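*Asks:* have a look at this prediction, sequence included:
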Amino acid sequence: MRFSKALALFSFFAAAGCTSMTADPNQPADPTTVVQAALGSHGALQFQPVASANPKVVGNAAPNVLPPQFFEGPVAQGSTPLENPQTVTLADGTTATAAFYGYDGDGPMLPAPGDLPSATHKVEATKTEPDKNTYLVLSGQTGPDASYDYGTHFMFQGHELGTPGYITRINLDADGAHKVTVMAATDSTGAPIADIDGSTWDPFAQKLIFTTENASAPTYQASLSFPSVVDDISGSVGRGGYEGVQNDADGNLWIVEDIGGSKPAATPHSKVPNSFIYRFVPKHKDSLTEGRLQVLSATSLRTGTAIVFQSADAATGDIVDLHTYGKSFATSWVTIHDTDVDGTTPFNANLAAKAAQATPFKRPENGQFRPGSNFKEFYFDETGDTDATTEVGMAAGGFGSILKLAQKSPSADTGTLSLLYLSDIVHSGFDNCAFVSKNQIVFVEDAGDTLHTQRNALDSAYVFDVTVDYSQGAQPPRFLAEGRDASATIDSGFGGLAGFQNEGDNEITGFHVSNGDPSPRGLLGASTPRPFRDGWRMFYNQQHGDNFAWEVLAKAGCEGALDD
């Protein structure tokens, strides 16, 4: 269907409004079974697009804005107490305690009036910044309170900043005292856990997977049991700027890396592409400790050889080609580490990828498989330079992009790469993503304080239709205009002051749509999502500031139909 028709139907649906549904007012609403909520007969999510992003105004907070068909409810926030505060001994012999979901124990939650930071004084505690979400429906989960029933619905997260790093479980069915459980703050050797970015559930290995976006830090697998047993698997999977991580139906682990490159003298506001797309092929499907790590390589249309890392040019002809509509690139997977040959000593995957002449991208962060494609289509984003003054502009991916990798099977050795969407200054800094229907995928922005100020706009989440030809000027509808909470507004005001360690404006992260099925049937991409029906739920995190974890819900009675 043409995008203009889709947008017209969006508008028609919004104008029609929502009708009331018959319900028992004496019974509480079940958030997993809101009936017919904004889901069309063919499974397309329908909504009235949010008109504009929230402007960034000095000293002003702003609310999040969703389409009128939806609302959001908090499942946790930074000040939610941990039911089991964690104290660990650091390498220098000092101790650190985490007692709240979104704060370390190194200061108050808010600055005292008139207090200013310095190199030796924190005006507020370090924000832990809960990152990517993994939702699972499980039975028999236990916790610190042996007498408590923790329920069956859980959301697992790693935390991106602070000391110690830790893994939390939000117990969605629990009361306030048991709402957030720390599953682990140390690994199986007793070492403090590094700060975490990405997460997923591997139903074959029966492990949670956590990535660290740090070439010097481990990649982890963790058990569901309490306390979680956390193992370093970077002797097989490697270490890198790993962020996005997903499984395919063959048991392979796909990893999206985000390491910002250097800025050549000729383009001081534009980084060279410096990150890679990886696939770990386990030797045995039920174990991630042995196998081959592979990296994606694309063939140049100009030379017929691999497009490789260039340290001194952020806008080569090949980079421009990769960001040009209508061009298709042959791809192949190159093995850069094999435990049978190379052993299980942790290694730097980014360096190995460059040595193997693999193709770098401009800060890719996350990706997902298209539902119904049998894991043959993988969509991933590039964040870009997050700077309006990028010298390379749109043409060389200065504002980022969305790319499509197509293969005959998830384990195929070859495929094709093409551009789905070339980002501009308004739609830039894409980070987390999630399919919300067979053809619709949400990408959320992490544009950063600099670009927020330059374009006078905070972050948004957009819904892309993968069947649309965006080369013709179509633009995605906005699903969320993120605001800025009061704590983030204060932090933004402190930004740039010596000694201030926290981020400023809020960021959208952890956008996640899942039915929580822990079997291979629940792999993201295995089934077509049905948000707000049949147990499918939608979450995201408003990172920084108050660090809210939100669940997005649909208003009962919102109905409609949209042909795909």
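*Replies:* Arrived safely.
*Asks:* quick one, helices of the stretch 251-400 of the chain?
*Replies:* With helices called from DSSP state H, counting those that start in this stretch, the stretch 251-400 of the chain shows them at 317-322, 339-342, 349-355.
*Asks:* ok, and what's touching the second one?
*Replies:* Helix 339-342 is contacted by residues 235-236, 283, 289-292 when judged by C-beta atoms under 8 Å, 6 or more residues apart in numbering. Bear in mind the C-beta positions are built from the backbone N, C-alpha and C, glycine included.
*Asks:* and it, which residues are buried?
*Replies:* Judged by neighbour count (16 or more other C-beta atoms under 10 Å), helix 339-342 contains these buried residues: 339, 342.
*Asks:* quick one, phi/psi of Thr489?
*Replies:* When read as degrees, to the nearest 10, the backbone of Thr489 gives phi -60, psi -40.
*Asks:* show me where the stretch 401-550 of the chain has strands.
*Replies:* For the stretch 401-550 of the chain, the strands defined by DSSP state E, counting those that start in this stretch occupy 401-407, 414-422, 430-435, 440-445, 460-465, 478-481, 507-514, 537-543, 548-554.
*Asks:* Trp254 is nearest to which of those strands?
*Replies:* Nearest to Trp254, of all the strands of the stretch 401-550 of the chain, is strand 401-407, at 9.4 Å by C-beta to C-beta.
*Asks:* for the closest one, name the packing helices and strands.
*Replies:* Helices and strands touching strand 401-407, by 3 or more C-beta pairs under 8 Å, 6 or more residues apart in numbering; DSSP states H and E, are strand 377-382, strand 414-422.
*Asks:* can I get those strands in JSON lines including mean pLDDT?
*Replies:* Formatted as JSON lines, these follow (pLDDT from 0 to 100):
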{"stretch": "strand 377-382", "mean pLDDT": "98"}
{"stretch": "strand 414-422", "mean pLDDT": "98"}
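*Asks:* ranking these by burial, who's on top?
*Replies:* With neighbours defined as mean count of other C-beta atoms under 10 Å, the helices and strands packed on strand 401-407 peak in mean count at strand 377-382, which reaches a mean of 26.
*Asks:* pull the CA atoms of that strand into CSV?
*Replies:* C-alpha atoms of strand 377-382 as CSV (Å, rounded to 0.1, in the frame of the first residue of the first chain):
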residue,chain,number,x,y,z
GLU,A,377,15.4,-10.2,6.7
PHE,A,378,17.4,-8.3,9.3
TYR,A,379,17.0,-4.5,9.7
PHE,A,380,19.5,-2.4,11.6
ASP,A,381,20.2,1.3,12.1
GLU,A,382,23.1,3.6,12.1
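*Asks:* returning to what we had before: out of the strands of the stretch 401-550 of the chain, nearest to Pro63?
*Replies:* Evaluated over the strands of the stretch 401-550 of the chain, closeness to Pro63 peaks at strand 478-481, with 9.1 Å, by C-beta to C-beta.
*Asks:* tell me what the closest one is packed against?
*Replies:* When contacts are defined as 3+ C-beta pairs under 8 Å, 6+ apart, strand 478-481 sits against strand 460-465.
*Asks:* pick the one among the contacts of helix 339-342 closest to Lys207.
*Replies:* Within those, the smallest distance to Lys207 is 10.3 Å, found for Thr289 (C-beta to C-beta).
*Asks:* secondary structure class for Ala556?
*Replies:* Under DSSP: H, G, I helix; E, B strand; the rest coil, Ala556 falls in the coil class.
*Asks:* that one and Phe70, how far apart?
*Replies:* 11 Å (C-beta to C-beta, to the nearest Å).
*Asks:* quick revisit: in JSON lines: the helices and strands packed on strand 401-407, plus distance to Lys404.
*Replies:* Putting those into JSON lines (distance: least, C-beta to C-beta, whole Å) gives the following:
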{"stretch": "strand 377-382", "distance to Lys404": "5"}
{"stretch": "strand 414-422", "distance to Lys404": "5"}
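*Asks:* so which of those is nearest Ile490?
*Replies:* Nearest of the helices and strands packed on strand 401-407 to Ile490, taken as C-beta to C-beta: strand 377-382 at 30.0 Å.
*Asks:* packing partners for that closest one?
*Replies:* Right, strand 377-382 is packed against strand 364-369, strand 401-407, strand 430-435 by 3+ C-beta pairs under 8 Å, 6+ apart.
*Asks:* at 10 Å what do you get?
*Replies:* Strand 377-382 is packed against strand 242-247, strand 253-257, strand 277-282, strand 364-369, strand 401-407, strand 414-422, strand 430-435, strand 440-445, with contacts defined by 3 or more C-beta pairs under 10 Å, 6 or more residues apart in numbering; DSSP states H and E.
*Asks:* reformat those as TSV; add distance to Leu480.
*Replies:* Output for these, formatted as TSV (distance: least, C-beta to C-beta, whole Å):
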stretch	distance to Leu480
strand 242-247	20
strand 253-257	22
strand 277-282	27
strand 364-369	16
strand 401-407	17
strand 414-422	18
strand 430-435	12
strand 440-445	7
